[in-house]
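>>> The following block contains a protein sequence and its predicted model.
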Amino acid sequence: MSNTEAHPDEVVCRDGGLPGPRSECADGVAVEIIEARDVPLGGPRAMTVRRTLPQRQRSMIGAWCFVDHYGPDDVSTTGGMDVAPHPHTGLQTVSWLFEGAIDHIDSGGNVGRVLPGELNLMTAGFGICHSEVSTAETTRLHGVQLWVALPDAVRESLARRFQHYAPSPLTFEGGSALVFLGTLLGETSPVDVHSPLVGAEIRLDPGAVLALDVDPAFEHGVLVDAGDVTVDGVTVPRASVGYTGTGSGILHLRNEGIEPARLVLIGGAPFGEEIIMWWNFVGRNSDEITRYREEWQAHGDRFGRVDGYVGHDPDGLDRLPAPALPGVRLHPRVNRPPHVQE
């Protein structure tokens, strides 16, 4: 999924008057709670997603710069996912499903089907466009869409690419995991990334406790999809992210409930670069974003074209137009230091 907001609010941010971070502490360990905001995608039957990144509170976790969580969605009510061809620059998209199926087509000539428990990673680099449509057989849609910002050294040189990987389940006492990016629990994903990252789906049985060895140089976020989950003793509400900064080599995860829990762990080394993220573009300055928008609107070669897109609505758009730019210069997001805000 991508950002299809046609009329994003223009906000001039000033010091003061903004909600601050919320952190909680258990046994002397603090966890920052990043709460989701609801964002409708599409038209009158818009599918609503819960967005935790980016926020004023925190823009990135490692190179992870965008986290949407959606479902379980009754497709007969919402119409499912139907995102017409749209552009990306300077990022990789990570599609991960719990239920349903999505057909992907991109301007690199790649066609793929996103299925539960299988990673689909698209590299935009210089520029790409793609479409995403839930399949006719899908009755419930449930999953996450994540973006990874590409480092400046490679973002303009990487070719359009689409990678698929179905990780084997790792079992441990009280649960299991699917490691789709990086290394965790002794398993390493073969998928190409361009900064130190980790990503995994973790399931915990009722009452299960997991002391998870992690890289202390990484900051981490735990998105709770289901269950009564605590991170380092702090309760993380469903659809929220529990954030822990660098310095700790163990994450303590626990399912306090009587139902199975599912969470998505993301983490990475602090990115160290400021980015501008507007609509579906990741760049470094306002002029770049303006140029990307102009080239997309002009059907420029940077993005190519998608062949074979068929949406749910026969009268729908054949490609998404870019929203109008705000009437001010865009400035980079200054991310918070890689530790919990008290």
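That came through, no problem.

>>> Run through the helices of this structure in chain order.
75-78, 286-297 (DSSP state H).

>>> I'd like to know which of those is closest to V310.
helix 75-78 (16.4 Å; C-beta to C-beta). Quick note: C-beta positions are derived from backbone N, CA and C, even for glycine.

>>> Which neighbouring elements make contact with the closest one?
strand 140-149 (3 or more C-beta pairs under 8 Å, 6 or more residues apart in numbering; DSSP states H and E).

>>> I'd like the mean pLDDT over stretch 264-279, please.
Confidence over stretch 264-279 (mean pLDDT, whole number) is 97.

>>> Restrict that stretch to CA atoms and write it as CSV.
Below are the C-alpha coordinates for stretch 264-279, written out as CSV (Å, rounded to 0.1, in the frame of the first residue of the first chain):
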residue,chain,number,x,y,z
VAL,A,264,6.0,-7.2,13.9
LEU,A,265,9.5,-6.3,15.0
ILE,A,266,11.4,-3.6,13.1
GLY,A,267,14.8,-2.2,13.9
GLY,A,268,18.0,-0.8,12.5
ALA,A,269,21.0,1.3,13.1
PRO,A,270,20.1,5.0,13.4
PHE,A,271,19.9,6.3,9.9
GLY,A,272,22.1,9.4,10.3
GLU,A,273,20.6,11.3,7.3
GLU,A,274,17.8,13.8,7.1
ILE,A,275,15.1,13.0,4.6
ILE,A,276,12.1,14.8,3.1
MET,A,277,9.2,12.4,2.7
TRP,A,278,6.2,13.9,0.8
TRP,A,279,3.4,11.8,-0.7
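
>>> residues touching the residue nearest in space to the middle of the chain, list them.
The chain has L146 as the residue nearest its centroid, 1.7 Å off, counting by C-alpha atoms, centre = their mean. Residues counted as contacts of L146 (C-beta atoms under 8 Å, 6 or more residues apart in numbering) are 64, 66-68, 93-94, 96, 199, 266.

>>> Now render those as CSV, adding neighbour count.
Converted to CSV, these look like this (neighbours: other C-beta atoms under 10 Å):
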residue, neighbour count
W64, 28
F66, 24
V67, 25
D68, 20
T93, 24
V94, 24
W96, 22
G199, 27
I266, 28
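
>>> Quick check on the closest residue to R336 other than its chain neighbours: phi, psi?
In space, and not counting its chain neighbours, R336 is closest to R58: 5.3 Å by C-beta to C-beta, 6 or more residues apart in numbering. The phi and psi values for R58, taken as degrees, to the nearest 10, are phi -160, psi 130.

>>> Can you verify my assumption that R58 contacts E32?
Yes: between R58 and E32 there is a contact at 7.3 Å, judged by C-beta atoms under 8 Å.

>>> gap between the residue nearest to Q163 when sequence neighbours are not counted and V114?
Using C-beta to C-beta, 6+ apart and skipping residues adjacent in sequence, the residue nearest Q163 is L121, 4.7 Å away. L121 sits 10 Å away from V114, going by C-beta to C-beta, to the nearest Å.
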